Structures are given as C-alpha cells and as structure tokens.
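# Got a sequence here, can you build the structure:
(chains A and B)
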Number of protein chains: 2
Amino acid sequence: MLTYLDCMPCFLKQALYTARLSTSSLQAQEEIMARAAGLLSKLDFSRTPPENATPLYELIAETSGCADPFADLKKKSNQLALDLRENIRDMIRQSDHPLLTAIQFSIAGNIIDYGAHHDFDILDTINTCLAKGLALNDYDALRRDLKTAETILYLGDNSGEIVFDGLVIEQLDSEVLFAVREKPIINDVLLEDARTCGLDRQCKIISNGTGCPGTPLPRCSAEFREAFDRADLIISKGQGNFETLSEVRAPIYFLLSVKCPVVVRHILEITGRAVRNGDMILLKGIS
Amino acid sequence: MLTYLDCMPCFLKQALYTARLSTSSLQAQEEIMARAAGLLSKLDFSRTPPENATPLYELIAETSGCADPFADLKKKSNQLALDLRENIRDMIRQSDHPLLTAIQFSIAGNIIDYGAHHDFDILDTINTCLAKGLALNDYDALRRDLKTAETILYLGDNSGEIVFDGLVIEQLDSEVLFAVREKPIINDVLLEDARTCGLDRQCKIISNGTGCPGTPLPRCSAEFREAFDRADLIISKGQGNFETLSEVRAPIYFLLSVKCPVVVRHILEITGRAVRNGDMILLKGIS
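Numbering: from 1, shown residues only, chains lettered A, B, ... in the order given. A predicted model of the protein is given here:
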C-alpha cells in the first residue's frame, strides 16, 4: 500500500506524540517538529507508510538522543498482558473453536492501548471486541491451509499483544518462526519482548532485520527473506505489516484491527470488500 | 495566543482539505502538500495560529490557481442561514431575554458546518446547542457595558453564521461597525457576504485589511485599527478572532464555540477557567 496524502498530518501527529515522549525540552520538541515537517516535504509516495515512518522516527531518536522512547510503555504492556494470560488461556480452552477464539483475542489485543488502561478495562475492551466479531473472516480458508502447512512464519506487531500471539501459536500444530523487529521502533516487538513473554520457549524467534514498523521485504535481511519465501503459510499481525505486505503475492493471512480511514479505502480497493474503521479482520492475502 | 506544536498536524490537515477543494489534480495536491510541509518546517511560534495559517492558504491558492476555493460553500452557507432567519428571529422576539437568545443562536451558528447539513439538521443542531447553554457566561458584564457604549465594533467570522450576527445587531441600540476580511480566506466573511446577508442595511461594513482568518492588529489597515481603538465595545466572533486578540487589552467580548484542545488549554491559562472542546462561551477579554 502506497503512502496517501492523508498520511502526512498523521505522521506529524505521531511525531509530536513521540517527541514529547522522547524529551521534555520544548526547544528540542520544536526542533524535532521542524525537522519532521522538512522530511515530509520530501516524502516518497511510491513507498509504504511504514517505510516513510522509519526515517521520521530515526530523526526523532537522533534529535532527542532517546533511542527507545516507548521502552517503559512496552514493558508495562507486556506485564499487563502477561497478567491476563491464564484467564484468557482458560477462555480459549473452554471455547468451541479454540484456534478461532485465540485469533480473535489476538486481533482484539491489537486494538488496546495498554498504557492507558488497567487490567479490568482491558478485559472489558477485549470482550466488547469479541462480541463484535470479525468484519472480514477468511478463517475457513486459513484452517484448510493450516492442515498442509509444515512451517509457519508469524509476523509480530506490538508489545503486549504478543502475549496473545503466543496463545494463538499454542493452538498451531506446525513449526512456527516468530518475527520481531531488529531495532526499536514505536512499541513494536523486539527480541527482548518475545523473551519476556516466553515466545522463545514456544518457537524460534527471527529478526526481520529492520527498524521499520512493518515488513518491507526489499529492506529485510537475507535470512528473513529466505524464511519468508520458505514458509508454507504466513500469519501477519497488525496494520504496519499489512501496509507493507498487502500487495505481495504470498500465502499470507492478515490479522488486524483497522485503525485508519486510509487502510479502509485500501482494503476496498484491493479486495472489493468494505470494512469500517475499528473493524477486526482476518483477511487472506493475494496468493 | 501563540502557535502550539499541536497546531502543526492540524495545519497540514487543513491544507489537505483545502488542496482537494482547490484542485482535482493529484499532482497539484501533492505539490501543495510538499510545499505546505516545507512552510511548516519554518513556522514562527511567536505568531498566532491564524497568522501562520495565512501564508499556508496563500501557498495553496498560488499553487492551485484557485483564489477562493470556499466560494461555493460560502454561498450555500449564507443561503441556508437566510432561509432560517425569519424562524429564528421569531424565537428571539418571543424569548424572555432577546439579546442573550440572539447571542446564543449566533454562537451556535459558529458550530455548524453548513456544507454538510440541511435546514432541518441545522435547526436541530442549534437547538441542541441552546439546550447546552454557555459554559462561560459574562453576559451580565456585557449588558452593563452595552448601556454606556455609543459605538460597537463587531468582528465577523464565518459566512452563514453572519446572518445570526445580524440578528444580534438588531438587538443592539448603539452604532455598530461590522468588520469583514479584505481577501478570501477559508469561509470567512467578505464584504459581498455582508451584502448578501443584508448587514450593510443595518450597519457600516469595514474591512480589517487582511486575508488572515483572524484579527492580527499589527497587520490590519490603519482605518481598521483606528476603528478598533475608538470603539467603546468590541464583539469578537469565533475562534480565529479570539486566537489573535485573546491577549489584547481592550473592551472585548468574545463569542465563540471552542473547537480545539489547544484553545481549551489557552483559555485555562489566561482566565483560570476550565472549558471543554465543543463548549459555547461568552467571555470578557482583558481590559
């Protein structure tokens, strides 16, 4: 998915949020915003939004001197989700369709802003999401493809929800590789998050080789690209991975909460299927 | 009120909306957005938001070749409000406090997006606003000051709502000067709007000499500044006029709907009084 003009104000909003998280100096925040606007004036519209976001976050890190402004938030998110794990694992086990239920929890986990909620609110939000169901649901196709898949590549997205990804992986019978980002970028999962949440005890962890909040294949490491090509099935979590892979021909299933109107439009364009902002979807890619 | 960092994403959002209204060429829209971002990278934070918005809209007009992209919208807004005038005039006449009621209609008129509504919806929106009442209400002070005011300067804001400003002016006993913008800027009132809505038959119309969506005194014409200094009382309508005059010492009363969190914060800072986004206020200035 290419970058739309609508992404520009959104990038600047993200820049301001991150600038304030990175430094308390108003002067540094002003410098960051001036440089961010300068960067946007030369935006490459032939790239995906996560690819364009990468130099923006690099610029903020460089100007503020803070390499990982979301570090605390990521730790809190992981801990909050870990505190809920047993409870949710029980609900999955007791359900009629454990894999589908685990997937739904995992997509619902993609909605939550862990920084701003307590345990109780999170369970509440998740239950509201589950009751809403999936707006696009290619689960039957996924279940069929899973039967013959020997190796699965699971592309992680955010900290916190990674715990629910672990509960999905518990329901899979194939060999799973779990992909994280190489360098800190927003609240995306790193190797240390996968370890904190115990995913390294369930499957092999692999880095995608980038500090991009998505999976831009031409920029990923050779090792990752090889794993991507070899996988019988790919589960792609979250909007950033979707934005970078939506038009790649591969056996991908996208699990995400739709978080912006531009993605709503893009989904309609490539699939002819209408979704709304806030919808949870399980979408088969172009294979 | 100075420009905040939070204004930057908002400026870019406004630029995109206006770019799309000004030209259907995607290439021109991209050029506008690139130039707009470039302008924002050199933003002057010692100026008010409307002053910073002026060159932004000038840049859009220059790049697109469309000098007044809101022309149609302004015509429609005026006509819709004119269609409602008799109905609202009756409600004002029948109320216990005609001036206060007229003021409330006029502030409520500041909320409405005329482009997206039909008559019925507008009356509905206005009634909802009226039921909500004023979050800050310095009406008693205004009424007291009006008793001795021989000349009043009324600073107009948007097309459409200018019709309701006319109904406020009908309730005033003093000599009124009504100020419009000199050049097209967003949907702000021009001389032709004042004429279309019949305000030239009620009072003298004066231009503020700028194409700024507010009243930046140092940039206004000498004639306007003289009228400003001479007026016994100034009624300032809308957020743009408030943003440029909030810290000016003068006998001003601000009538506006609060439309952004930055203004919410600014009102708290200068008055110590808390308002919420969406609130309607009648606020006495610093005299």
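# C-alpha only now, for contacts and for neighbours.
Fine.
# Just give me the neighbour total for A:R195.
Neighbours of A:R195 under the rule other C-alpha atoms under 10 Å in any protein chain shown: 12.
# and it, how far is that from A:K237?
According to C-alpha to C-alpha, to the nearest Å, A:R195 and A:K237 sit 18 Å apart.
# Following the longest helix seen in chain A in sequence, what is the next regular element?
Longest helix of chain A, by residue count under DSSP state H: helix A:71-94. Helices and strands here follow DSSP states H and E; after helix A:71-94, the next one along the chain is helix A:98-109.
# just how off-centre is that next one within its chain?
Here helix A:98-109 is found 14 Å from its chain centre; the criterion is C-alpha atoms, centre = their mean, to the nearest Å.
# That one to helix A:71-94, inter-axis angle?
If you take axes from the mean of the first three to the mean of the last three C-alpha atoms, to 10 degrees, helix A:98-109 sits at 150 degrees to helix A:71-94.
# now the longest helix of chain A: mean pLDDT?
Across helix A:71-94, pLDDT averages out at 94.
# which ones are touching the closest residue to A:L130 other than its chain neighbours?
Nearest residue to A:L130, sequence neighbours excluded (C-alpha to C-alpha, 6 or more residues apart in numbering or on different chains): A:Q104, at 6.5 Å. A:Q104 sits next to A:130, A:133-134 when contact means C-alpha atoms under 8 Å, 6 or more residues apart in numbering or on different chains.
# Take the residues you listed and keep only those in helices.
A:L130.
# For the residue in the stretch 101-250 of chain A that chain B sits nearest to, give me its contacts.
Closest to chain B within the stretch 101-250 of chain A is A:I186: 18.6 Å, counting by C-alpha to the nearest C-alpha. By C-alpha under 8 Å, 6+ apart, the residues touching A:I186 are A:57, A:68-70, A:213.
# one step back: CA atoms of the longest helix of chain A as PDB?
C-alpha atoms of helix A:71-94 as PDB (Å, rounded to 0.1, in the frame of the first residue of the first chain):
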ATOM      1  CA  ALA A  71      10.600   1.300  26.300                       C
ATOM      2  CA  ASP A  72       8.600   1.800  29.500                       C
ATOM      3  CA  LEU A  73       5.300   1.600  27.700                       C
ATOM      4  CA  LYS A  74       6.400  -1.700  26.100                       C
ATOM      5  CA  LYS A  75       7.400  -3.200  29.500                       C
ATOM      6  CA  LYS A  76       4.100  -2.200  31.000                       C
ATOM      7  CA  SER A  77       2.100  -3.600  28.000                       C
ATOM      8  CA  ASN A  78       3.900  -6.900  28.300                       C
ATOM      9  CA  GLN A  79       3.300  -7.100  32.000                       C
ATOM     10  CA  LEU A  80      -0.400  -6.300  31.800                       C
ATOM     11  CA  ALA A  81      -1.000  -8.800  29.000                       C
ATOM     12  CA  LEU A  82       1.000 -11.500  31.000                       C
ATOM     13  CA  ASP A  83      -1.200 -10.800  34.000                       C
ATOM     14  CA  LEU A  84      -4.200 -11.700  31.800                       C
ATOM     15  CA  ARG A  85      -2.700 -14.700  30.100                       C
ATOM     16  CA  GLU A  86      -4.000 -17.500  32.300                       C
ATOM     17  CA  ASN A  87      -7.500 -16.100  32.400                       C
ATOM     18  CA  ILE A  88      -7.600 -15.800  28.600                       C
ATOM     19  CA  ARG A  89      -6.000 -19.200  28.000                       C
ATOM     20  CA  ASP A  90      -8.800 -20.700  30.100                       C
ATOM     21  CA  MET A  91     -11.400 -19.000  27.900                       C
ATOM     22  CA  ILE A  92      -9.700 -20.200  24.800                       C
ATOM     23  CA  ARG A  93      -9.600 -23.800  26.000                       C
ATOM     24  CA  GLN A  94     -13.200 -23.700  27.000                       C
END
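# just checking, what packs against it?
Applying 3 or more C-alpha pairs under 8 Å, 6 or more residues apart in numbering or on different chains; DSSP states H and E, we find helix A:71-94 packed against helix A:98-109, helix A:119-132, helix A:162-169, helix A:191-196.
# Mind listing what's buried along the shortest one?
Just to be clear, that refers to helix A:191-196. A:191, A:193-194 (16 or more other C-alpha atoms under 10 Å in any protein chain shown).
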